[in-house]
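Colleague: got a sequence here, can you build the structure:
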Amino acid sequence: MNSLKVALFGGSFDPPHFGHRAIIDSALRELSIDRLIIIPTFLNPFKSKSHLSAKERLALAKEYFSSKYVEISDYEIEQGKATPTAITLRYFQNIYSVKYIIIGADNLSSIDKWHDFKWLNSQITWIVATRNGYCLDTSKLKDFKILQVNANISSTEIRNKTI
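Modeller: Residues are numbered from 1 along each chain as shown. Okay, here's the model as predicted:
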């Protein structure tokens, strides 16, 4: 196993935007990590489709987010199906010292519905990126840190403006 300390930041990135960039920049500044791994989903387990294809979202993520300290992983896309975070975490734990999983505050209300949540919750520290209009009810999380971001944008908002 590689001793690099990493944070995982998965999501649809449908499309990637400056809010995601703000989370990445803040995480790189505030977390004690060697690398941040961005993991675009093949398909979000809670959604039936994506606006952009998996390959398009991966290419955009590489274009927008790649840097010396950021790796864009095609792991979930290569699975060819919705892949639960718990499976992705197990995969990356075999390679790196995974310290954190970054989520948006919009995920908090349903986080206990995530596949194998109890195990996930016992493995890492959650990094919760604040988001305007979303409550920070962290009562379900064992260990967490708040990342003050509040970028006033969402992928849904972008898609709605371009359709």
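Colleague: all strands of the chain, in order?
Modeller: Using DSSP state E, the strands of the chain run over residues 5-11, 35-40, 70-72, 97-104, 125-129, 144-147.
Colleague: how about TSV for those, with mean neighbour count added?
Modeller: Where you see a C-beta, it was placed from the backbone N, CA and C, and this is true even at glycine. Formatted as TSV, those follow (neighbours: other C-beta atoms under 10 Å):
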stretch	mean neighbour count
strand 5-11	22
strand 35-40	23
strand 70-72	19
strand 97-104	21
strand 125-129	22
strand 144-147	18
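Colleague: stretch 116-124: how far from the chain's middle?
Modeller: 15 Å (C-alpha atoms, centre = their mean, to the nearest Å).
Colleague: may I have it as CSV, with CA atoms only?
Modeller: C-alpha atoms of stretch 116-124 as CSV (Å, rounded to 0.1, in the frame of the first residue of the first chain):
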residue,chain,number,x,y,z
ASP,A,116,-22.9,0.0,4.0
PHE,A,117,-23.1,3.4,5.8
LYS,A,118,-22.2,2.0,9.2
TRP,A,119,-19.0,0.6,7.9
LEU,A,120,-18.2,3.8,5.9
ASN,A,121,-18.9,5.9,9.0
SER,A,122,-16.4,3.8,11.0
GLN,A,123,-13.6,4.1,8.4
ILE,A,124,-13.0,7.7,7.6
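Colleague: show me what counts as buried in it.
Modeller: Neighbour-count burial for stretch 116-124, counted by 16 or more other C-beta atoms under 10 Å, picks out 117, 120-121, 123-124.
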